[in-house]
Each structure stands twice: as C-alpha cells, then as structure tokens.
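In: what's the 3D shape of this:
(2 chains)
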Amino acid sequence: MKKTIHKLFWAWQFEEEEKWLNEMAAEGWVLTDVGYCRYEFEPCEKGEYQYKLEYLANRPGDKHSLKYINFIEETGAEYVGNCLKWAYFRKKVAEGEIFDIYSDRNSKIKYFERITGVIGGLAIANLIIGVVNVIIALFDGQFVNMMGILNIVLAAFLYGGYKKINNKCNTIVQEHTLFE
Amino acid sequence: MANNQGALTEAVYYILLSLVKSNHGYGIMQNVQQLSNGRITLAAGTLYGAINTLLDKGWIEALPEIKDSRKKEYVITATGTEVLKTEINRLEELLINGKNILGE
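Out: From the prediction side, this is the model:
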C-alpha cells in the first residue's frame, strides 16, 4: 500500500521538513520517492528511520554529487531522491542515536552559508529586476508596474527566508569564537 | 618544523590518528567514536569535507582502488605525520601549563 502526500515546504524550512518526515516514519511511513511538493510513502516499522535533507554543492547528476552520495551511503545512510539540488537521505537508527550530516560548527557554518548564498542571491536578483522594471515603467508613464512590484515582493519574501537561516548561522558563528 | 601551525580541529586530529593505519570513510567514523569513548560522532558530510581538504593539503593520500570494493581507503603521509607530531607537542604544552597553574 502506497500513499502520496502533497505538501509545500520552502527552502528555508528544511528542518521543519525533516521533522515532518521523521514524524511520518514514527507513524510507520517511510519516504520512497520525492518530487515537487510530492512525497511518496510506503509502510515501515514505526520509528525505523531518521531523515536529513542536504542542499548539494553540485547538480544531483554531477560526478561530484555522485561521489558524495556514494560516500554518504557507505556510512550506512540511504539516498532516497532529490528535488532540485536538495538531496533526501534516510538512515536506520538505534534508539538515542541521531542521524546528522554535519557534526562540527565549522562544517555547519559552511553548509548554511551555501544555502544563504543562493537564497540571498535570488533575493538581490529579484530586487534589481523589480526596481529596474518599475523605473522603466515610470519613464513610460506607467505608475503601477505589476511585474516589477511582484519581483520586489518576491525579493522581500526570499529575504525573510535568508534572514531565518542567517540568524541560525550567526548563532553558530558566535559559539565558534569560543569553541571549535 | 612549523611550530606555529595553529590548532587542529578535533575532527582533523582524530581523522589523522585514524589513518596511521589505512582505513575507509566508515572505518574512520567508527574509529573516532571508539577512540573518544563515544564522545565524538563524526558525521559523514563533515568527514567528507575534511578528507578532501586533507587530500588537497597532502596530509593524507588515497590508496589505489581494490577491485570489487567500492570503498576508497586512505592513509596518512609523512607530512601528515609531521603535522600530527607538532600538534601533540602543542597539546602537551597546553596540558602542562594548565595543570601547573591550577596546581593539580
């Protein structure tokens, strides 16, 4: 028996997404395939799996990514699939054990910066496009440029996501000045 | 000898120690956990990043791949051993000063 669930998580909600997948596993549903806002589950032993999402440094089909995924799998985790550059890993865990991909502050900071770099870049791109569109429209005598405004709203929305991860990252950076 | 190389991260220190005898990724993770009595659990992504940096630096090297085995093995180089020895001297200094001053 399979079950498909459609659900939307934004890129900066990856921890919420992991939590939800862990809850599904706790109820006895293991993720078997993933797509855009689409999750496919099959029955499993309750609480058998823990999930970790990772925003890959390269495209999923790239040889660097394949090498990386292979390495992760050698350590006992399984690669479930990907959605864009987000890879989904699961691992069978013993009680009390926590499945993690990054274990020290240094590598966590680098990883978070990889994500904020992309979201921040998208936000800036949208802001520039939006402002340019609005200005060009003004010169054309058009006072409300919907397309431009939409870009600016999207930029603000992305900036919210950027802030969320950036704050998390800053907390770790702060601790990193005291501890490794 | 570079006496002022700075502190190695815990992860790098234990990875280098684990590679005095050749080992593969998962073996390193298990070894580090054992050496630290379960205090340190190296996660795979962190280990992967560290291995690549250590390879670039020439502190470790990859062994030629064995047929039918997908697991790549690594071993420490002479440079890596030197770095490790310098670090052990540095750690000794820290320990001796700490114990002397706290009077233990």
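
In: which SS state does the residue nearest the centre of chain B fall under?
Out: Nearest to the mean C-alpha position of chain B, by Cα atoms, centre = their mean, lies B:L16 at 2.3 Å. The assignment at B:L16 comes out as helix when based on DSSP: H, G, I helix; E, B strand; the rest coil.

In: thought it was touching B:K85?
Out: No - B:L16 lies out of contact with B:K85 (Cβ atoms under 8 Å); the separation is 10.3 Å. Glycine gets a C-beta too; all of them are placed from N, C-alpha and C.

In: Between these two, which contacts overlap?
Out: Residues touching both B:L16 and B:K85 (Cβ atoms under 8 Å, 6 or more residues apart in numbering or on different chains): none.

In: pLDDT value on the residue nearest to the centre of chain B, please?
Out: You'll see B:L16 listed with a pLDDT of 97.

In: Pull up the gap between it and chain A, please.
Out: From B:L16 across to chain A, the span is 15 Å (Cβ to the nearest Cβ, to the nearest Å).

In: Which residues are in contact with that residue?
Out: Going by Cβ under 8 Å, 6+ apart, B:L16 touches B:8, B:54, B:59-60, B:76, B:80, B:83-84.

In: closest to chain A among the residues you listed?
Out: B:L8 (9.4 Å; Cβ to the nearest Cβ).

In: Quick one: residues in contact with stretch A:157-173.
Out: A:10-12, A:105, A:108-109, A:112-113, A:115-116, A:119-120, A:122-123, A:126.

In: could you redo the last one with a cut-off of 6 Å?
Out: Contacting residues not belonging to stretch A:157-173 are listed as A:10, A:12, A:105, A:108-109, A:112, A:115-116, A:119-120, A:122-123 [Cβ atoms under 6 Å, 6 or more residues apart in numbering or on different chains].

In: I appreciate the help and will end here.
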